[in-house]
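1. 3D, please:
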Amino acid sequence: MMEMKHAAEVYALTFYIHHRGDELSRQLAESFRQQAEQKGLRWCAEEPDIVVSIGGDGTLLQAFHTYFNKVDHVAFVGVHTGHLGFYADWKPHEIELLIDCMASHPKPDPHSIVEYPIVEITAESDDGSETFYALNEVTLKGIETTFVAQLNINDEKFEMFRGDGICISSPSGSTAYNKALGGAMIHPSLEAVQIAEIASINNRIYRTLGSSIVLPKHHHCDIYPEEGKRLLLSIDHIYKEYPKLRGLSVRVADVKVKFVRYRPFPFWNRVRDAFIGNESN
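-> So this is what the prediction gives:
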């Protein structure tokens, strides 16, 4: 019993830092690592308990994709070195406080962990099947010509789309490209995906809903593009070109991404601060 207690006492929380690469972020990352190790935290790139993202939302998206294969047990926390982001809770001058919070919890406290739904897509082409996961959004666009596709919901034909493309966003990603397309902002506690049109063309032949739609977890959407067209698929910041894409299946993923919240920062406060401002009118 004494040996088991001692083993628990000497465990040190492991962390890794993913930074944007600019001078400010690099210096902050070096300072963070030095101070964290002085507080007893252990650097570990292979199996970190927490991945600290220093930069912006794009930096955290990169960190998410780097560690997606460990998403079941890795949690993320963001430090922003630019404008306030939706995934970054901390400012550069607060890193000492963040380190103290991390050092005071040998393992991330379950009560400080929030989980966000993510998008799962499966692409079928002549080369086989590939599955991808997106924290923010997935887009499918034509490269040389207008994008034309049939959209099925739960294996039933829904509409024929013609336009620039389709955007599929997670709830946390609903504040990004989806919002610019006129889509709704969805609270990340809701397990859903949102499908928004990108510059749809409506006429007698092609008729679309004209607004975004939200699918719950037990629904799925299949997109069947016109044959013989080169298409560009984006998964957050990752781009793939498909010369012969047969179809794309979209749904809410079974896995979620974990974020460490050492202090409350409600989603709607983030929305207000980003788009409205916190000064009273």
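
2. quick one, domains of the protein?
-> Using automatic domain parsing, the domains assigned to the chain come out as 2-108, 117-255.

3. residues near residue 36, how many?
-> 24 (other CB atoms under 10 Å). C-beta: built from backbone N, CA, C; applies to glycine.

4. mind checking what secondary structure it has?
-> What DSSP: H, G, I helix; E, B strand; the rest coil gives for residue 36 is helix.

5. quick one, strands of the stretch 1-150 of the chain?
-> Under the criterion DSSP state E, counting those that start in this stretch, the stretch 1-150 of the chain contains strands at 14-19, 42-43, 50-55, 75-80, 113-125, 128-134, 137-142, 147-153.

6. pipe those strands into JSON lines and attach distance to residue 276 per row.
-> Converted to JSON lines, the strands of the stretch 1-150 of the chain look like this (distance: least, CB to CB, whole Å):
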{"stretch": "strand 14-19", "distance to residue 276": "30"}
{"stretch": "strand 42-43", "distance to residue 276": "39"}
{"stretch": "strand 50-55", "distance to residue 276": "24"}
{"stretch": "strand 75-80", "distance to residue 276": "19"}
{"stretch": "strand 113-125", "distance to residue 276": "22"}
{"stretch": "strand 128-134", "distance to residue 276": "26"}
{"stretch": "strand 137-142", "distance to residue 276": "22"}
{"stretch": "strand 147-153", "distance to residue 276": "33"}
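
7. of all those strands, which one comes closest to residue 216?
-> Nearest of these to residue 216, taken as CB to CB: strand 113-125 at 10.4 Å.

8. where's the spatially most central residue of the chain relative to residue 271, distance?
-> With distances taken as CA atoms, centre = their mean, residue 135 lies nearest the centre of the chain, 1.8 Å away. Distance, residue 135 to residue 271, using CB to CB, to the nearest Å: 17 Å.

9. same deal with residue 209?
-> For residue 209 relative to residue 271 (CB to CB), the value is 25 Å.

10. could you do residue 61 as well?
-> Per CB to CB, residue 61 is found 19 Å from residue 271.

11. now do residue 68
-> Per CB to CB, residue 68 is found 26 Å from residue 271.

12. which parts of stretch 154-165 are buried?
-> Buried residues in stretch 154-165, counted by 16 or more other CB atoms under 10 Å: 158, 159, 161, 162, 163, 164, 165.

13. actually stretch 64-74, not the one I wrote
-> 64, 65, 67, 68, 71, 74.

14. given the longest strand anywhere in the chain, what are its sheet partners and their directions?
-> Ranked by residue count under DSSP state E, the longest strand found in the chain is strand 245-260. Paired neighbours of strand 245-260 in the sheet (DSSP bridges): strand 75-80 (parallel), strand 113-125 (antiparallel), strand 221-225 (antiparallel).

15. low-confidence ranges, the stretch 1-150 of the chain, go.
-> Within the stretch 1-150 of the chain, the segments meeting pLDDT under 70 span 1-11, 83-84, 108.

16. which of the strands of the stretch 1-150 of the chain is buried the deepest?
-> Neighbour counts (mean count of other CB atoms under 10 Å) averaged over each of the strands of the stretch 1-150 of the chain peak at strand 50-55, with a mean of 26.
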